[in-house]
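# curious how this folds, go ahead:
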Amino acid sequence: MAKSSTRLVLICGLPASGKSTLARQLASEISAIRFDADGWMTQLGADLWDEEFRVRLEHQLWVLSRDLLAQGQSVILEWGHWARAERDEKRLGARALGVGVELHYLDTPLEELIERAERRIASGEWTASPMTPAHFEKWAAIIQPPDEEEILLFDETVADG
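Below you'll find the model as predicted:
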């Protein structure tokens, strides 16, 4: 794969915002490797609520992603990317390798996130401790949505909702 067409795609959004659905769609469209932190945690037998493990896992997936990007393989990072500093780290790391960077921000209304989470719990799709409306309210207060200034730093930015 030519390095000029190689790209890093960051998916940003709260739980149940559609990150996995979008990442799967994009992976097939652009021939990218998709890293899903929740999926890895589940497969490794980790508790999805274990923040310490999540931080270590996401760091290791980023190390692997940089190796793949350096070899010309596009990568999609499918986890929240809630903090601007985290998005900056990934964008600058990819740019240092000479690859393009896209940001897809999923701005899904809080009520819809809660409904989706309730459906996942009821269907058995979500097997970890339940996500409650209080969780979503807390997370909505924590996430740092990309602002206009940050959006200009990416090659492409897509806001979905």
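# rest of the way, CA atoms for contacts and neighbours
Noted.
# show me where this protein has its helices.
Along the chain, counting by DSSP state H, helices occupy 19-30, 37-43, 51-70, 84-96, 110-123, 133-142, 148-151.
# could you tell me the least trusted of the ones you listed?
For those, mean pLDDT drops lowest on helix 110-123, to a mean of 87.
# in that one, what counts as buried?
For helix 110-123, a neighbour-count test (16 or more other Cα atoms under 10 Å) marks 110, 113, 114, 116, 117, 118, 120, 121 as buried.
# pretty sure the first one is touching residue 138, no?
What it means is residue 110. No: if you go by Cα atoms under 8 Å, residue 110 and residue 138 don't touch, sitting 10.8 Å apart.
# if we can go back for a sec, can you tell me which of the helices of the chain comes nearest to residue 6?
Proximity to residue 6 (Cα to Cα) singles out helix 51-70 among the helices of the chain, at 6.8 Å.
# just checking, what packs against the closest one?
Where contact means 3 or more Cα pairs under 8 Å, 6 or more residues apart in numbering; DSSP states H and E, helix 51-70 is packed against helix 37-43, strand 75-78, helix 84-96.
# pull the residues that contact that helix.
With contact meaning Cα atoms under 8 Å, 6 or more residues apart in numbering, helix 51-70 is reached by 3, 6-8, 35, 37, 41, 46, 48, 74-75, 93-94, 97, 99.
# for residue 102, give me its contacts.
7, 8, 9, 10, 154, 155, 156, 157.
# the fifth one: neighbouring residues, count only.
Looking back up the chat, that one is residue 154. 17 (other Cα atoms under 10 Å).
# from residue 145, how far out is it?
Applying Cα to Cα, to the nearest Å, the value for residue 154 to residue 145 is 14 Å.
# and the third one, by the same measure?
From residue 9 over to residue 145 the distance is 16 Å, taken as Cα to Cα.
# repeat that for the fourth one.
In this structure, residue 10 and residue 145 are 13 Å apart, going by Cα to Cα.
# so which of the two has more stuff around it?
residue 10 (24 against 18).
# hang on, the more buried one packs against residue 81?
Yes: at 7.5 Å, residue 10 and residue 81 qualify as touching, with contact defined as Cα under 8 Å.
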